[in-house]
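Asker: model this:
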Amino acid sequence: MTDPLFFDTDCLSAFLWTGRESIVTQLYPGRVVIPQSVLDELSRVCAPAFEERVASLAADAAVEVCDIDLASPALPLYREMTSRPKPGFKVIGRGEAAAMAFAIAHGGIVASNNFRDTAAYIRAFGLKYKTTGSILVEAYENGLVSEAEANAIWADMLAKGRCIGARSFTEFLAKPVDPLAGR
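Answerer: Take a look at the predicted model:
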């Protein structure tokens, strides 16, 4: 699979808070896309180490930063999602909207944990998606991290207030949670 991954803020920040953003670039070289609105949201965090990680990731040659401009085919979708949603949908944040609008317009995968806001759109547009948990499982399956390392990363993510679906990586690995299935 070579589809680009369009990251929203919550998914990417889980890796940034723990200093493990390299997992993302190692797993998906040349496929990581960060919408400018996600970088804008991440830049509001006032923590020097976090700010350095964000700047380093944005400058990484393996990462593409994209912006929604007037010529972007993602613009109408983005506007709809952030200000004038169709009946049955709700207004969502700029980071989630940008990631989904780009994935729809350019054919890609949404990387998000925020399914309270995004599930209706993901279902309606038939979007493929990944979560922090599923990305960490891929890292484990590809030998980038051991189960013990993944558990330590998971614990760090939870300590930083990330909602990632289980109490430990081992628990998630044993019974992955599908956020769209409601379990």
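Asker: Can you tell me which helices and strands whichever strand or helix holds Ala155 packs against?
Answerer: Using DSSP states H and E, Ala155 sits in helix 147-159. When contacts are defined as 3 or more CB pairs under 8 Å, 6 or more residues apart in numbering; DSSP states H and E, helix 147-159 sits against helix 9-17, helix 132-141, helix 169-174. In this view, the C-beta of every residue, glycine as well, is placed from N, C-alpha and C.
Asker: Show the low-confidence segments of the chain, by residue range.
Answerer: Applying pLDDT under 70 to the chain flags residues 1, 176-183.
Asker: those helices in it, which residues are they?
Answerer: Per DSSP state H, the chain carries helices over the ranges 9-17, 22-27, 36-42, 48-59, 75-82, 94-106, 115-125, 132-141, 147-159, 169-174.
Asker: Let me know which of those is the nearest to Gly88.
Answerer: Judged by CB to CB, the one of the helices of the chain that comes nearest to Gly88 is helix 115-125, at 6.7 Å.
Asker: Okay, buried residues for the closest one please.
Answerer: Phe115, Asp117, Thr118, Ala120, Tyr121, Ile122 (16 or more other CB atoms under 10 Å).
Asker: so how far is Asn114 from the last one?
Answerer: What that stands for is Ile122. According to CB to CB, to the nearest Å, Ile122 stands 10 Å off from Asn114.
Asker: which residue of the chain sits farthest from its center?
Answerer: Most distant residue from the mean C-alpha position of the chain: Pro87, 25.6 Å away (CA atoms, centre = their mean).
Asker: returning to what we had before: mind putting the helices of the chain in JSON lines, distance to Val65 included?
Answerer: Converted to JSON lines, these look like this (distance: least, CB to CB, whole Å):
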{"stretch": "helix 9-17", "distance to Val65": "12"}
{"stretch": "helix 22-27", "distance to Val65": "13"}
{"stretch": "helix 36-42", "distance to Val65": "6"}
{"stretch": "helix 48-59", "distance to Val65": "6"}
{"stretch": "helix 75-82", "distance to Val65": "16"}
{"stretch": "helix 94-106", "distance to Val65": "11"}
{"stretch": "helix 115-125", "distance to Val65": "21"}
{"stretch": "helix 132-141", "distance to Val65": "19"}
{"stretch": "helix 147-159", "distance to Val65": "23"}
{"stretch": "helix 169-174", "distance to Val65": "29"}
